[in-house]
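> build me a model:
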Amino acid sequence: MASSVASTNGSNGSSACHSLYHIENSNVENKAERFLKAFAAIIQYGDYKSLLDSYCASSAKCSRCVVTCPIYQVSQDPKDIPCYRAGLLLDTYKRHFTVGGWLKARITNNRELTDAGVDEMAELFYRCTACRRCSLECPLGLDHGLVTRLGRYILSMAGIAPKALQVSVREQLEGETHNTSKIPKPAFLDNVEFLAEEMEEMLDIKLTFPIDQPDRKHVFFCAVSDYLMEPDTLMGNAAVLYAAGDWDRWTIGTGNIDAINYGLFYNDWHLERIIRQLVTEVKRLHGRSILIGECGHASRTAHDFVPVFGGEETYPVQSFIEYTFDCLEKGKIRLDPDIVTERVTYHDPCNIARSGWIVQQPRTILKSFVKDFVEMAPNGKKNYCCGGGGGLVSMDETHEFRMDVAGRVKANQLRATGAEIVVAPCANCKKQLKELVEYHKLPCRVVGLHDLILEAIDIPGGKTAKQRQAKQICALAS
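Okay, the predicted model is just below:
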C-alpha cells in the first residue's frame, strides 16, 4: 500500500509538506527551557507520568506502524513514522525526567533539548492527524496519537500553538459569544427561526425550535457550524426528533450552543474547561442528559470526558447517531427506501469509530433506506482519516498538506468506490472531504448522515418523502 500510494504522487507529497510549522512562535524565546518547564509541570500535576514510564520501558522504534499511517504512505519521509515522532518526546522525557536518563547523559555526553529540537517536535506533532490508526498495529500497545496530544499540550503550555486553535478556544471560553464561530445570540435566534420556517415549508409542519426550555430530557449541543454552513444536518436532527414524537423532550440552551471542543487537539486544560462549560449549561436548564449532534470530536469529548471532568453530578451522553438508531430500531421513524437512488458510501470519523463505539449503527440506518450502499476498504475501526483530523482542518495554512498528503489516501478510497454520495457524520470531516472532493475533482457530493435522512424521512402529519420529492421534480421541470 505504501509503495503504490507513493508512486502515484512521486515527490509531490514531500515538497507539498516541506513545512507545516506556521505556528505563532517566532517571538518565543528560550523554547527548550519553556518546553521543559511546561513538561515538568504537566508531569507533576497531571496523570501522564505512569504512561510515560510505561512507554519508555518499551521499545517504541520497531516501525511496524508505517503500514497504517496515511501520512507516511504518501510522504515516505522517515520523520512521519509514528514511533519516530513519539520517540522525540519519549527520549526528552527519559533524558530530562528520569534518573537513568540523567546518568546516561553524564556518561555519554548526550545533549540537552535544544530550541531546534522543540521546533522539530512542533512541526511533526502538527503533521499528525491524531487519528490513532497506528495504535491498532503497535505490538506493544503504544498509542502514538495520545503522545501527539501530550506533545501538543506541552507546546501549548510553553506558548507554542497554532493561532487558529488559540483564537477559537479563547472566544469559546472567554469571548462574548462563547462559541467558536463568534455568532451573537440575536443572530443565532434569527437563524434558528429561519430554519424553522424552512422546515415548515419543506415538511408542511408547524414547529418552533425549543430554546432555553427547562426540565427537558435532552439538552442538545451540535457543532456551531450546523447552524450556519450545514443546516441540513441540524434540520435532519430536528426532523427525527419531531417524527419520533420527542419534540417536547429536548431543548437548545443559549448559554452554550457550541459542542466543538478544540481542547482535544492541543490542550487538556482547555478541554476540561469546555466540558465544564457544557455541563454548567445542562445544570442551568435542569436537563437530564446530553444529546450531541453530528460531530466526531464533539461526540467523543462529551462521551469520554463528561464523566471525568463533569464534577459530582455528571450526565449521560448520547450521540445523535445512537438516538436515531434507537428510534429506527423501535419503529419510531420511517425512512423511505425509494428516495435515494444514488450509490452511497460511508466515511468513519476517527473519533467515534477508532474505539469501535459508533461503527455499525450508521450503517444499519443507511442500509434501511439506501439500496446502493458500498463500503470503502478498509473501514470501521480500521478506517483511514479524512486528512483533516487533530484540528488540522481548522488551519487554512495546512490546506495543501491536507489535500496532497494527509488526505490523498482517503481521496483514492473515495474514487475507488464509485460513490456519488459520501456520508460523513462529522463537522470537521465534512469540511475536509468537501475540499478534498473539489481538489481531486471527484464525482461525488459530501453530506451528513442526517442530511440524507432529511430527504428520506416520512413526517407524521406532514409531507411524506415521496411528496417532497415529487414537488422538487416539478419545481425543477418548471
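
> could I have stretch 246-260 exported to PDB, CA atoms only?
Provided in PDB are the C-alpha atoms of stretch 246-260 (Å, rounded to 0.1, in the frame of the first residue of the first chain):
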ATOM      1  CA  ASP A 246     -39.900  13.700  21.100                       C
ATOM      2  CA  TRP A 247     -40.300  17.300  20.200                       C
ATOM      3  CA  ASP A 248     -41.300  18.300  23.700                       C
ATOM      4  CA  ARG A 249     -38.400  16.400  25.300                       C
ATOM      5  CA  TRP A 250     -35.400  18.400  24.100                       C
ATOM      6  CA  THR A 251     -34.000  22.000  24.200                       C
ATOM      7  CA  ILE A 252     -31.200  24.100  23.000                       C
ATOM      8  CA  GLY A 253     -29.600  26.400  25.600                       C
ATOM      9  CA  THR A 254     -28.500  29.900  24.600                       C
ATOM     10  CA  GLY A 255     -25.800  29.800  27.300                       C
ATOM     11  CA  ASN A 256     -23.900  27.300  25.200                       C
ATOM     12  CA  ILE A 257     -24.800  26.500  21.600                       C
ATOM     13  CA  ASP A 258     -21.400  25.000  20.600                       C
ATOM     14  CA  ALA A 259     -20.400  21.400  21.100                       C
ATOM     15  CA  ILE A 260     -16.900  22.000  19.500                       C
END
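
> gap between it and the chain center?
20 Å (CA atoms, centre = their mean, to the nearest Å).

> tell me the SS of the residue nearest to residue 277 when sequence neighbours are not counted?
Among residues not flanking residue 277 along the chain, residue 256 sits closest, at 5.8 Å (CB to CB, 6 or more residues apart in numbering). C-beta coordinates here come from the backbone N, C-alpha and C atoms, glycine included. Classification of residue 256 using DSSP: H, G, I helix; E, B strand; the rest coil returns coil.

> and residue 256, how many neighbours?
Residues contacting residue 256 under the criterion other CB atoms under 10 Å number 21.

> just the pLDDT for it.
Looking at residue 256, its pLDDT is 96.

> and for residue 23?
54.

> would you map the strands across the stretch 151-300 of the chain?
Along the stretch 151-300 of the chain, counting by DSSP state E, counting those that start in this stretch, strands occupy 218-221, 250-252, 289-292.

> out of those, flag the one nearest residue 463.
Closest approach to residue 463 among the strands of the stretch 151-300 of the chain is made by strand 250-252 (22.4 Å; CB to CB).

> against which helices or strands is the closest one packed?
Applying 3 or more CB pairs under 8 Å, 6 or more residues apart in numbering; DSSP states H and E, one finds that strand 250-252 makes contact with strand 218-221.

> check the offset of the strand it packs on from the chain's centre.
Per CA atoms, centre = their mean, the centroid offset for strand 218-221 relative to its chain is 19 Å.

> residue 278 versus the residue nearest to residue 277, what's the distance?
Applying CB to CB, to the nearest Å, the value for residue 256 to residue 278 is 6 Å.

> poorly predicted segments of the protein, please.
Applying pLDDT under 70 to the chain picks out residues 1-27, 59-60.

> that one - how does it break down into domains?
By the record's domain assignment, the chain is partitioned as 2-161, 178-329, 344-469 (automatic domain parsing).
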